[in-house]
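Colleague: predicted model and sequence below, questions to follow.
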Amino acid sequence: EVQLVESGGGLVQAGGSLRLSCAASGFTFDGYAIGWYRQAPGKEREGVLCISSSESITYYTDSVKGRFAISGDNAKNTVNLQMNSLKPEDTAVYYCAAVFGRCDEGVNIWGRGTRVAASS
């Protein structure tokens, strides 16, 4: 079965850090861009970051610049999202998504999400 599985979510105090991982099952990331999205309670889902197959990085949300970083591990077929200096407004369900092609193309595969909460 082709799927993406996120892990690493949890509850931290504001200012803390979390590292999310997105692992592929049933396929490899070759040729795919991998993006992280989030959906806060009562809000629409928004893009956070994306890394292309050539490791070009796109930020979708200015508020995470300087705090979040995305990286890929081809050997493990995973993409990680390092989140530092977390703020209460970062609280959301975080999803990873695989796009066959560029970051700005349509998502082909969604993960089920992992919850992140930063308390004030």
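Modeller: Now that the structure is in, tell me what you want to look at.

Colleague: who does Ile57 bridge with?
Modeller: Following DSSP bridges, Ile57 is listed with bridge partners Ile51.

Colleague: who's in contact with it?
Modeller: Leu49, Cys50, Ile51, Ile70 (Cβ atoms under 8 Å, 6 or more residues apart in numbering). Bear in mind the C-beta positions are built from the backbone N, C-alpha and C, glycine included.

Colleague: TSV for those, including pLDDT, neighbour count and distance to Tyr37?
Modeller: Formatted as TSV, the contacts of Ile57 follow (pLDDT from 0 to 100; neighbours: other Cβ atoms under 10 Å; distance: Cβ to Cβ, whole Å):
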residue	pLDDT	neighbour count	distance to Tyr37
Leu49	96	22	9
Cys50	97	23	9
Ile51	96	23	13
Ile70	97	23	12
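
Colleague: out of the residues you listed, the closest to Thr28 would be?
Modeller: Among the contacts of Ile57, Ile51 lies closest to Thr28 (Cβ to Cβ), at 14.8 Å.

Colleague: and the spatially most central residue of the chain, what's its pLDDT?
Modeller: Per Cα atoms, centre = their mean, the C-alpha nearest to the average position across the chain is that of Trp36, at 2.6 Å. Trp36 carries a pLDDT value of 98.
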